[in-house]
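Novice: Next comes the sequence, and after it the predicted model I'd like to discuss.
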Amino acid sequence: MTAVAWGRKFAIVAGLPAVLVAVWWFATAGSTSVYWPPLSTVLETFGPTWLEGRLASDVLPSLLRLAAGYALALALGTALGTVIGSWPKVRALTEPALEFFRAIPPPVLVPIFILFAGIGDGMKILVIMVGSVWPILLNTVEGVRSIDEVLRDTARCYRFRRRTRLIQLVLRGASPRIVTGARQALSIAIILMVISEMFAATNGLGFSIVQFQRSFAIPQMWSGIILLGLIGVALSLIFRACEARILAWYQGQRAAQR
Amino acid sequence: MSTLETASAPPPQDTTMDHDAHTTPLLDVTGLRKVFAGANRAVEALQEVTFTVSRGELMCLVGPSGCGKTTLLRCVSGLLAPSAGAVTLNGAPVTEPPRGMAVVFQEYGRSLFPWLTAWQNVELPLKEKKVPRDERKRLVTEALDAVGLTDSRNAHPWELSGGMQQRVAIARAVAYEPQVLLMDEPFAAVDAQTRGELEDLVRALWQRLGVTVLFVTHDIDEAVYLGQRVVVLSASPTVVLDDVAITLPGDRDQITTRSLPQFAELRAAIYELVQRAKNGYRPQPDTERPA
Amino acid sequence: MSTLETASAPPPQDTTMDHDAHTTPLLDVTGLRKVFAGANRAVEALQEVTFTVSRGELMCLVGPSGCGKTTLLRCVSGLLAPSAGAVTLNGAPVTEPPRGMAVVFQEYGRSLFPWLTAWQNVELPLKEKKVPRDERKRLVTEALDAVGLTDSRNAHPWELSGGMQQRVAIARAVAYEPQVLLMDEPFAAVDAQTRGELEDLVRALWQRLGVTVLFVTHDIDEAVYLGQRVVVLSASPTVVLDDVAITLPGDRDQITTRSLPQFAELRAAIYELVQRAKNGYRPQPDTERPA
Amino acid sequence: MSVVTSARAPRLGARRGVPDSVLGLAGLAGVAVLFELVPRVGLVDERYLPPASVTAAALAELVSDAAFWQALTSTLLGWALGLAIATVAGVVLGIVIGSVPALRAATNSTIEFLRPIPSVALIPLAVLLFGADLRSTLILVVYASFWQVLVQVLYGVADVDPVARDTARSYRFSAVSQVRTVIWPTALPYVMTGFRLAAAVALILEITGELIIGSPGLGNAIATAQSSGAVATMYALVVVTGLLGVGVNVLVRRTERRVLRWHPSVRREVAA
Amino acid sequence: ACGGGESEQAGGGTDEVTVGVIPIVDVAPIYLGQQQGFFAERDIELTLETSQGGAAIVPGVASGQFDFGFSNMTSLLTAQTQDLPLQVTSAGVATTGDVDDDFGAIVAPSGSGIDDASDLSGRSVAVNTLNNIGDTTVRHTVEQAGGDPSDIEFVELGFPDMPAAVQEGRVDAAWMVEPFVTIATDQDAEVVASNFAATHEELAVAAYFTSTELAESDPDLVDRFTEAMNASLDYAQDNPEQARDILGSYTDIDSATAESLTLPEWPTEINEESVQLLADLAVEHGLVDGEPDVGALLP
Ligand SMILES: Nc1ncnc2c1ncn2[C@@H]1O[C@H](COP(=O)(O)OP(=O)(O)OP(=O)(O)O)[C@@H](O)[C@H]1O
Ligand SMILES: Nc1ncnc2c1ncn2[C@@H]1O[C@H](COP(=O)(O)OP(=O)(O)OP(=O)(O)O)[C@@H](O)[C@H]1O
Ligand SMILES: [Mg+2]
Ligand SMILES: [Mg+2]
């Protein structure tokens, strides 16, 4: 019974990816186009391209920058979002300015970052942070704004201290939205990891992909894209494990049959 | 209304209560008015409400549904700014929730933190009050025990039945040992038996700690059984219709007190008042409302 | 328990009710069991509940807080899948909410759609039922009028008091003209006067439309006043403790019925039962529970 | 007592203060002042980051140029089209996937695989398919902004109150009605945020696409200014994109005040 | 294959031709030639599409979205080793051959202690794209000057960001092209070496190319394009002032800079020896896996 249940679960989870891979495989099987190499060719190049050295020299530094940028984005987005969400006047004051910066493409901002942060890892982390902070910020603001009034009143009545209010009411109350934003930000951070490595980079996963693209090593480029996707899946699994812990109460509540 | 008198002085019959500060006015509500101005409708929830509550008094508030009891309680607790009039507590105007006050909200379900267990919900305000750990543990255990939730202490609010949620909210207020306790229909979701027990719990707490209680209920028996005074509100736009002193002995008991003829009398009188309130009766502005 | 009999046949005294289908079993609950398996605790909310309700019957359900009344209602309505046992309605097993059923939830506040006004909340199920516009308008107007909310029809739920919200939820169920009506403590948040009116509203609706009503309440007076039968549940783990036929005349009236000596007797007996339930009394498995 | 006098109502009084739009403009002005001062006091070389006044002058020159308006129009067109497609697709798919648990489980890994693939990596492929015209950029815009909406909607759908859901079920609302009357209103605040995120991402991708692929528009103008060393002109163009973002947000907030009047976040700030 | 740029024989016998170019000084001749009607004379209706670089132009040409494209020679050699079916049709731009005055140069801040190419060993040098014509020729230049090219740290940076990066000391030196050489030298930086001229005095830096498919299916069109292109190159070479003037029409280079910047050479012949040198350098520095076939790539 459990074996059957597991089998079913596996079929549901693995079904669509399997179908898509098959479609990709057969659609490109006889391809002669340089830009659409057969999937088999791409997979053949995967091992030699990534597993022989590049994992440590390119993928690891990228992931470290990603982690740093994402962590900063989380911290900044939540902090700023809490402040902006808590005081409508602060929101009115800052929102247009923030929206202004939000609409500017990161590639255009890079020269300014270089002016202030140089061309090292700091700049790349900054790019990742600045790009991925927005979903967290926006969602935190909305999450803080929509905290239940009765809950707010309860906290006021029992004269919660500022810190307790912040943690027990505001942050936890907004946490479902913060997590939504964090989930969004994760994939954006990966994208910005690639983009940041298009400027002043000497190594990295994104850098490698761009290099492959420029030197017309198209199967390698595809293998890089696949690797990016796999990293996305892996990180989202980790994310979901964290989410299940942090939002256990919320998921229980929403699933509760009452 | 021959047996009733509009009274704000403590009833002489009340003998067990012996708080020395009993006659000091603690809470003073003067000319309170609240208008909710929505987009498509403006509601005058409170027109002009005036009363005082002495220190250590247990006052019940009854009135038709939608007359503004919750609104009044929210103004008194400093959660809602009135449109006009003033609330003073201990001589100081109330603009934010004062120290040492606990509120049991009518929306009990929404007033519990869904991310905390029953135990944690009760404990959190005590932590805020900086009660030492051991004392805190004792208070929470006692309070949960008193409301019969010892077994469910580790459940989250959404794992509890409606009545259990309400009892957690009550336990939280009780464990807090407040000086002023505001309760908004706190027993609406519990069964008759539990209700009686909780009524006695509130009275015991009140007598033990000398806490001042403002108790909103729509159960007139409950109001008579619990209170020293019952303030009856009119239908919306709301004013105070009458202020009835409950001339029952201070030592009350579910069986004997409720079977006193005086209880039935008071009950009937207040029922009559509420019924009239509901049907639109209002005091004459000239004679009963301050200019 | 001398005056009580465990009965599921309709009481002979009930003369006004004259639905011909009265004795046909409509709803059949057999061996119902529900276990909530949470992360840190598993709760057996219902252990083994069995009863039947005839077509056109008005049955009340009482029991201590947290005993599983809401859970039972949710299983009966097909919203919750039981862990064991079966619910059949009209001979067909209930796996999803059946047609022609209305539920008034205990969490009235959360069951109203905050994005709709009172009027729209009442109207929406009728739209779903494809009631023509004019008829719909009439039904909504009447229902809101019956619960005394004509003036607040354009308010959103959060602009209404607790009792008003609850009355919107009642109006929604009433306007729907269901064949089966499940109500979970529907009058908990309204004042005594309104409560009486709403009780009479439910009885009138029941008599007029022949609807089958399952009414959960924690007010024993209410259960006796309203029901043809009162089923008493034990404390958790829950079984049916007793099934009391209410041998009062079918034509009831707030004043006269409640002052009948028989009323007081029934009331006292059920109170006694609930009290015993709360204190842990359970029927002997061998004699009263089916093997 | 005929008029409502707020004798002592601090929170009411605060509403009387400066209107929000003025505050917002003040915030923007603050940014302008900052960008005037940073180069002026020599924190950075003003040849690389021109003071706001210089940028403003370049902007003034730009707006008198017909080519600029042409570029702006084509950027706006591409952006609006891409955003519309992404929003509709994201909302529809989000609601469908979000309300069918099996579908959600089945698509989850694929979504997570596709989301982190940067649009820039897809540029050669887009060009291969559609050349340097509008459609290449459109593909990028849609691809990137679609995920923003989708993920928000997925979380929004999961936020439906169980009691509200049960109410709809017990009255036997049809699937479509449940979506319309319960799921959609619950998800709406999330959709709003998703739309705001998508609007910016779409604009960014529109500009980046134009910048790299060279389809006509503001991005192309930025690229030209950049590769010519015309720093002030470039920043003037950047300011224009920023202002577009501000404009979008004003619109969204306005809509929100109307359609989310019932939501705690809006009603607390609107009502007294 | 549904773009707007296919070379269809239009009604009046005119071919619509789309060319992917980069909005820089190098492509001034094609704009001039268009203005002078060299293309129209040969029944070519020219559309110029600007892109930021090879990322869009090469796939565009390979897929037939563009008919012709402009790209640097090293990129084309790399593409060739990867079996992209490309074919050079005409010369694009070449070094001036003057090591003191070329359109591409290595620039360092004044007084930085970097006086000639050999001083670059152990330093960081910015190039616009790594593993391309910039770093290979810089390495070659350093080696020829007696320095050690192996420990130069190359950093990828867009040309527009280079003057600032040099000025602020983020990098020790930068390889850039006009107009940034002029902009940077105006701002207190000095030319250290001219890597193009130093590599080969007739170095073919970039070229116009098409897909093999088009070259085979419509040789007549390719011939006419090449003729027109050569005419344009000659015209630009002979009329540098007009070349400077036309910069304003497709770039935002201000007129003062346009007046003073160094124009490249626009020969019509591609120096095959220099291309072979670039190919050798590409092999030497590991840019390509196989050996580029220079003969097959060039016309
Ligand atoms: N936020 C609000 N916006 C607009 N009107 C409101 C708001 N809150 C309450 N009201 C209105 O004010 C009046 C009084 O409401 P209140 O909740 O104080 O009544 P109540 O006496 O507590 O009733 P109940 O016994 O039903 O709880 C009602 O008419 C209600 O519609
Ligand atoms: N989603 C859930 N998860 C876990 N336990 C639950 C859940 N829902 C209910 N319970 C438990 O099931 C038991 C019965 O709950 P139920 O809500 O049915 O009680 P009730 O009879 O309606 O009580 P009340 O009169 O207080 O509303 C309680 O002990 C409660 O804690
Ligand atoms: Mg109330
Ligand atoms: Mg219940």
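Specialist: Right, received. Where do you want to start? Numbers count the residues shown, from 1 in each chain, chains lettered A, B, ... in the order given. Ligands and ions are numbered 1, 2, ... in the order given.
Novice: Tell me where the model's unsure across the chain.
Specialist: With no chain named, the answer covers chain A. Within chain A, the stretches with pLDDT under 70 are A:1, A:256-258.
Novice: Chain D, not that one
Specialist: Per-residue confidence for chain D (pLDDT under 70) gives these ranges: D:1-17, D:124, D:131-133, D:268-272.
Novice: Go through it and flag its longest helix.
Specialist: Among the elements of chain D assigned as helix by DSSP state H, the one spanning the most residues is helix D:66-99.
Novice: is that one up against chain E anywhere?
Specialist: No: judged by CB under 8 Å from any CB of the partner chain, helix D:66-99 stays clear of chain E, getting no closer than 10.7 Å. All C-beta spots, glycine's among them, are computed from the backbone N, C-alpha and C.
Novice: ok, now stretch D:240-247?
Specialist: No: applying CB under 8 Å from any CB, one finds stretch D:240-247 out of contact with chain E, separated by at least 14.8 Å.
Novice: So which bits of that stretch are buried?
Specialist: D:240-246 (16 or more other CB atoms under 10 Å in any protein chain shown).
Novice: filter those residues down to the ones close to ligand 1.
Specialist: Restricting those to those within reach of ligand 1 (CB under 6 Å from any ligand atom) leaves nothing.
Novice: Pick out whichever of these sits closest to B:Val62.
Specialist: Checking the buried residues of stretch D:240-247 against B:Val62 with CB to CB, the nearest one is D:Val246 at 53.8 Å.
Novice: Confirm that closest one sits in a helix?
Specialist: Yes: D:Val246: assigned to a helix according to DSSP: H, G, I helix; E, B strand; the rest coil.
Novice: That one and ligand 2: what is the separation?
Specialist: Distance of D:Val246 to ligand 2, computed by CB to the nearest ligand atom, to the nearest Å: 45 Å.
Novice: Then B:Ala45?
Specialist: Plainly put, B:Ala45 is 29 Å away from ligand 2 if you go by CB to the nearest ligand atom.
Novice: do the same with A:Phe46
Specialist: Remark: distance between A:Phe46 and ligand 2 (CB to the nearest ligand atom) = 47 Å.
Novice: Is that residue within a helix or a strand, and which one?
Specialist: helix A:39-46 (DSSP states H and E).
Novice: tell me what that helix is packed against?
Specialist: helix A:2-28, helix A:218-246 (3 or more CB pairs under 8 Å, 6 or more residues apart in numbering or on different chains; DSSP states H and E).
Novice: export those to CSV and tack on mean neighbour count and distance to ligand 4?
Specialist: Compiled in CSV, these are given as follows (neighbours: other CB atoms under 10 Å in any protein chain shown; distance: least, CB to the ion, whole Å):
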stretch, mean neighbour count, distance to ligand 4
helix A:2-28, 12, 32
helix A:218-246, 18, 29
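Novice: Which residues does the longest helix along chain E contact?
Specialist: Among the segments of chain E that qualify as a helix by DSSP H, the longest is helix E:219-238. Contacting residues not belonging to helix E:219-238 are listed as E:7, E:15, E:17, E:28-30, E:32-34, E:36, E:38-39, E:41-44, E:67-68, E:89-91, E:208, E:210, E:214-215, E:242-243, E:265-268, E:299 [CB atoms under 8 Å, 6 or more residues apart in numbering or on different chains].
Novice: Just the buried residues of that helix, please?
Specialist: Of the residues in helix E:219-238, those buried by neighbour count under the rule 16+ other CB under 10 Å are E:221-222, E:224-237.
Novice: in chain E, which spans are helices?
Specialist: All helices of chain E, identified by DSSP H, fall at E:28-36, E:38-41, E:54-62, E:73-81, E:133-144, E:162-167, E:180-186, E:195-199, E:212-217, E:219-238, E:240-250, E:255-260, E:272-284, E:294-297.
Novice: Could you do the stretch 101-250 of chain A as well?
Specialist: Taking DSSP state H, counting those that start in this stretch as the criterion, the stretch 101-250 of chain A carries its helices at A:106-117, A:121-145, A:149-157, A:162-164, A:172-196, A:205-214, A:218-246, A:248-255.
Novice: Those into CSV, with extra columns for distance to B:Ala155?
Specialist: Below are the helices of the stretch 101-250 of chain A laid out as CSV (distance: least, CB to CB, whole Å):
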stretch, distance to B:Ala155
helix A:106-117, 47
helix A:121-145, 25
helix A:149-157, 18
helix A:162-164, 22
helix A:172-196, 18
helix A:205-214, 46
helix A:218-246, 19
helix A:248-255, 10
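Novice: out of those helices, nearest to chain E?
Specialist: Taking CB to the nearest CB as the criterion, chain E comes closest to helix A:106-117 out of the helices of the stretch 101-250 of chain A, the separation being 4.8 Å.
Novice: angle of the closest one against helix A:121-145?
Specialist: Put simply, helix A:106-117 runs at 110 degrees to helix A:121-145, going by axes from the mean of the first three to the mean of the last three CA atoms, to 10 degrees.
Novice: what angle sits between helix A:106-117 and helix A:172-196?
Specialist: Orientation check (the same axes, to 10 degrees): helix A:106-117 against helix A:172-196 gives 90 degrees.
Novice: is chain E contacted by helix A:106-117?
Specialist: Yes: applying CB under 8 Å from any CB, one finds that helix A:106-117 is in contact with chain E at A:110-111, A:114-115.
Novice: Distance to A:Phe212 for the helices and strands packed on helix A:39-46 - can I get that in a markdown table?
Specialist: Below are the helices and strands packed on helix A:39-46 laid out as a markdown table (distance: least, CB to CB, whole Å):
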| stretch | distance to A:Phe212 |
| --- | --- |
| helix A:2-28 | 17 |
| helix A:218-246 | 4 |
